[in-house]
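Asker: Coordinates only, no sequence provided:
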RNA sequence: GCGAGAGUGGCGGAAUUGGCAGACGCGCUGGACUUAGGAUCCAGUCCCGAAAGGGGUAGGAGUUCGAAUCUCCUCUCUCGCACCA
């Protein structure tokens, strides 16, 4: 009668934990603290996905384990609840995003509770709560109030920004403009991704290859006033502090690549103060410029008489045969000679219309147009033509380059196409894979280091020496300086959405109601700035206007001290709320501060942070950036928020076999099939479209390293698991799994599938398998034949036998060691071995059963709480001490040792566990089989590793 | 193209980090109990071979008494970046 019945048992224990506040965390840690954080989810309308509980189960296991080891554990959960889907739902249905969001949160909360995670639910927060985003807005004000002091590498209050004399002389407005130019939060006219089909502006990361990520609609680039965050100021610290973090190398390298630090030099090329008739700067003006630069040094901002470029290869300056500026470069107009202006202008317009996809398509030929103007190469005084080409990006470096076709593949392609001179200045010397003669002839681009040639007095220097020498030389002459650049761009921080945090910023209006261009930040006492009540969300679809422009006037306009202001109508991106939520969890109801400093100091940093790899770059970089600003400004006590980071691997759908069928019904081999441009499939040999068909496992068989059709082994079949998606119909719903197998089985299966960080396919049969294990654990301890739940008669209060004790302690050790390394899959395997062994034992010592229940409890907490009851305990096991193991009990008196002859396993011998080398060797020689093999042979060498193996090398 | 990671039975995956390859689970085969089995239990399950034995960790070379593990080359897959000067 009392079979293992999770459907009854799991809700019972969830209720128990809730009523007894079993997992409530004290305000301050009692004893050693451990802060374990999950990446909080966006509560989508689809509910929980089996990918979510993977990381959540892993952290829950760690938390339950650490509680049993006496640690004070902080383990909260909340909702990253702003986001576009709720807003789009509102556009369609008129339902307020808050209502949709609350409904979705309720679903997520129910589903998470159903899985028995030990969160302290009293700390739950949602980024959409005014009590929460009040502090998000507060942090924005802090960013607005901070400038980055590059000298001390620290963010400081804007009031401490030194104002240059010349700015001060221009008066109050100039000073404010100067300050605004230095804030970490600043405004910029920047292009946004406007998607007319979706009627919204998309974030860069929502645009993949020039079309919208969802729907694949075209995206236009339109300039709009935007809020930017100066994350580039922190680029160096964001990169170098990675070193102190316990993160996987792959994630660190993703972040490093994203930051993309490069070192090189800035160099000014003289173009003359104004255009000349033939486009050539005047020689005497160049001479004067050279002299003035030697006297005055290198200016921080380039004047109108120079084109400033950035290069990582200043050693190739003598090989610069032309220059290229980006189509958006401010000098385009003035450099375009009258006879070419029309052509140049047309080119720039075309470039502006191109999507990112067109511009970055690698297969594409280089394009560009000559301006008719020339610049003077500062190292040799030669005039070089200036071109406009879209392979130079306005957003990187200075938006202008010197082109060295002999040593840069892009410049080489361009020079070839437009027949520009190619002057080699780096001799590769003799090296593998490089055609030195071709390089020296200018027929091939060589981009590595070498020895300088054709470089005046720098010739014969190797690349590294040259770089230092030329940097000094340029600096002395005031023509350049060493410089660092980042691939990382400042963070576009505003969105034209309704469902996001309003900015706590007012725009000043003049008497006519037009913006004066001056902004005013609200004070902390004015927060939160809540969203207005809106009549409709379905605003204009033909231009990228913030929906809040349609807000009621009572919200939109503010009068303060007699001045009229209009509120900022952009809202913050979804990333904002997730940048600091780990701090709010520590003190979620604090009305005075984002978190009490004492509490912050006691719990931070996060000891373990687990989440999907899709956040490896952006979220983690943004959050680290905010944290560093908070650190600089004294709000937090640690320079980094997340000490250890683990990315769970994606869970794919079930393994699928796919065959391909032509129109005429014949099967085509998978090796002959490729994806067509439209997303369908084509047979490579005939170019005919083929259709993918799902095959059953018994229709295929393995042949070599591929699967083939059973009935026609010449036909190869694809076998792989795909990402879960609605369209593929392979989504697994956790509700269904819990209904059929129970939450403990779901948890256990997700941990048993393989290493946490690996990508793994789902298997319902696998869930069934771990359910079988839990059934066996139940039967091992509970009397299934009895009417009510009671102890299995085989379980008695006896002392364990030596072997039973060894199995027990070995299991405790293995499970504990694996858990410390988050190797949950192998820990579960060890507990399965324990169960397989003890099911055959009778009587079964009750003490051993209790230990197993404790070991298993982090994985299958509901079942184990119940078994703990059955074993005669009346309280929760959540705070029972973690079982300890006894090395002495593990040690065996005799061990089996393999004996090899010439590295091949030939025999196994039984020896005392502590047998020394000599004893091992003589026992091995005494073995009948070994003796036979050594007979008449010469033993050249004997390798004996005590406790491991014996190897005879013979001839 | 550049950067990172991976490749082990029919499948998911183990292997104390250089020392018995395939733990554990699924699947499969046979058997027991059954009206029944998508329940449970027992036995088997890397390949060739009747056995002795031989082969085997994507492929090839190398270091070593000994390699899934270390080195080099090749191939394949996954992820990220993608004209970043």
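Answerer: Thanks, I have it. Only a predicted model underlies this, so the values are computations on that prediction, with no experimental measurement involved.

Asker: Where does residue A:468 sit, in terms of helix or strand?
Answerer: Using DSSP states H and E, residue A:468 sits within helix A:463-476.

Asker: Can you pull the residues of the stretch 551-700 of chain A lying near RNA strand B?
Answerer: Residues of the stretch 551-700 of chain A found near RNA strand B, taking C-beta under 7 Å from any atom of the strand as the criterion, are A:613, A:614, A:617, A:655. Placement of C-beta: from N, CA and C, glycine included.

Asker: 6 Å instead?
Answerer: Neighbours of RNA strand B within the stretch 551-700 of chain A, by C-beta under 6 Å from any atom of the strand: residue A:655.

Asker: can you map out the strands along the stretch 551-700 of chain A?
Answerer: Ranges of strands in the stretch 551-700 of chain A, per DSSP state E, counting those that start in this stretch, are A:557-560, A:563-567, A:608-612, A:645-648, A:651-652, A:656-662, A:667-668, A:673-675, A:681-683, A:689-695, A:700-703.

Asker: So for residue A:768, which of the ones you listed sits nearest?
Answerer: Counting by C-beta to C-beta, residue A:768 lies closest to strand A:651-652 out of these; the figure is 16.7 Å.

Asker: Now do the closest one, average pLDDT.
Answerer: Averaged over strand A:651-652, pLDDT sits at 93.

Asker: Packing partners of that strand?
Answerer: Applying 3 or more C-beta pairs under 8 Å, 6 or more residues apart in numbering; DSSP states H and E, one finds that strand A:651-652 contacts strand A:760-761.

Asker: List the residues that contact the residue nearest to residue A:150 when sequence neighbours are not counted.
Answerer: Leaving out its chain neighbours, the residue that sits closest to residue A:150 by C-beta to C-beta, 6 or more residues apart in numbering is residue A:233, at 7.4 Å. Going by C-beta atoms under 8 Å, 6 or more residues apart in numbering, residue A:233 touches A:148, A:150, A:155, A:184.

Asker: tally of neighbours for the residue nearest to residue A:776 when sequence neighbours are not counted?
Answerer: For residue A:776, ignoring the flanking residues on the chain, the nearest one in space by C-beta to C-beta, 6+ apart is residue A:835 at 5.4 Å. A count of nearby residues for residue A:835, using other C-beta atoms under 10 Å, gives 19.

Asker: how many other residues sit next to the residue lying closest to residue A:944 once chain neighbours are set aside?
Answerer: Excluding its sequence neighbours, the residue lying closest to residue A:944 (C-beta to C-beta, 6+ apart) is residue A:917, at 4.5 Å. Counted by other C-beta under 10 Å, the residues lying close to residue A:917 total 13.

Asker: Equivalent analysis for residue A:340, please.
Answerer: Applying other C-beta under 10 Å, we find 18 residues neighbouring residue A:340.

Asker: and if you look at the one 4 residues further on?
Answerer: As a burial measure, the neighbour count of residue A:344 was computed by other C-beta under 10 Å and equals 22.

Asker: So it lies in a helix, does it not?
Answerer: Yes - counting by DSSP: H, G, I helix; E, B strand; the rest coil, residue A:344 falls inside a helix.

Asker: you'd agree it is up against residue A:334?
Answerer: No - contact between residue A:344 and residue A:334 fails when scored by C-beta atoms under 8 Å: they sit 10.9 Å apart.

Asker: who's in contact with residue A:258?
Answerer: By C-beta under 8 Å, 6+ apart, the contact set of residue A:258 is A:487, A:488, A:617, A:621.

Asker: let's go with 10 Å and repeat that
Answerer: Counting by C-beta atoms under 10 Å, 6 or more residues apart in numbering, residue A:258 makes contact with A:235, A:238, A:239, A:486, A:487, A:488, A:616, A:617, A:618, A:620, A:621.

Asker: Tell me which residue in chain A sits closest to RNA strand B.
Answerer: Relative to RNA strand B, the nearest point of chain A is residue A:769 (2.6 Å; C-beta to the nearest atom of the strand).

Asker: you'd agree residue A:513 is in a helix?
Answerer: No - per three-state DSSP, residue A:513 lies outside any helix segment and is coil.

Asker: and it, how many neighbours does it have?
Answerer: If we define neighbours as other C-beta under 10 Å, then residue A:513 has 9 of them.

Asker: Stretch A:247-265 spans what distance, first to last residue?
Answerer: Separation of the first and last residues of stretch A:247-265 by C-alpha to C-alpha, to the nearest Å is 32 Å.

Asker: Grab the most central residue of chain A for me.
Answerer: A centroid search over chain A (C-alpha atoms, centre = their mean) returns residue A:616, at 0.9 Å, as the residue closest to the centre.

Asker: hang on, that one packs against residue A:645?
Answerer: Yes - between residue A:616 and residue A:645 there is a contact at 8.7 Å, judged by C-beta atoms under 10 Å.

Asker: what residues are shared contacts of those two?
Answerer: Here residue A:616 and residue A:645 have A:247, A:248, A:251, A:252 as joint contacts, going by C-beta under 10 Å, 6+ apart.

Asker: Could you pull out the buried residues of whichever helix or strand the residue nearest to residue A:776 is part of?
Answerer: Using DSSP H and E, residue A:835 maps to helix A:824-838. Across helix A:824-838, burial judged by 16 or more other C-beta atoms under 10 Å covers A:824, A:825, A:827, A:828, A:829, A:830, A:831, A:832, A:834, A:835, A:838.

Asker: do stretch A:431-443 as well
Answerer: By neighbour count with 16+ other C-beta under 10 Å, stretch A:431-443 contains the buried residues A:436, A:439, A:440, A:442.

Asker: Ok, stretch A:307-318 next?
Answerer: Across stretch A:307-318, burial judged by 16+ other C-beta under 10 Å covers A:307, A:308, A:309, A:310, A:311, A:313, A:314, A:315, A:316, A:317, A:318.

Asker: Stretch A:732-747 now?
Answerer: For stretch A:732-747, the neighbour count (16+ other C-beta under 10 Å) marks A:732, A:734, A:737, A:738, A:741, A:742, A:743, A:744, A:745, A:746, A:747 as buried.

Asker: give me every residue that touches the last one.
Answerer: To tie it back to what came earlier, the one meant is residue A:747. By C-beta under 10 Å, 6+ apart, the residues touching residue A:747 are A:53-54, A:56-58, A:60-61, A:115-117, A:738, A:770, A:824, A:858-862.

Asker: distance of it from residue A:325?
Answerer: 59 Å (C-beta to C-beta, to the nearest Å).
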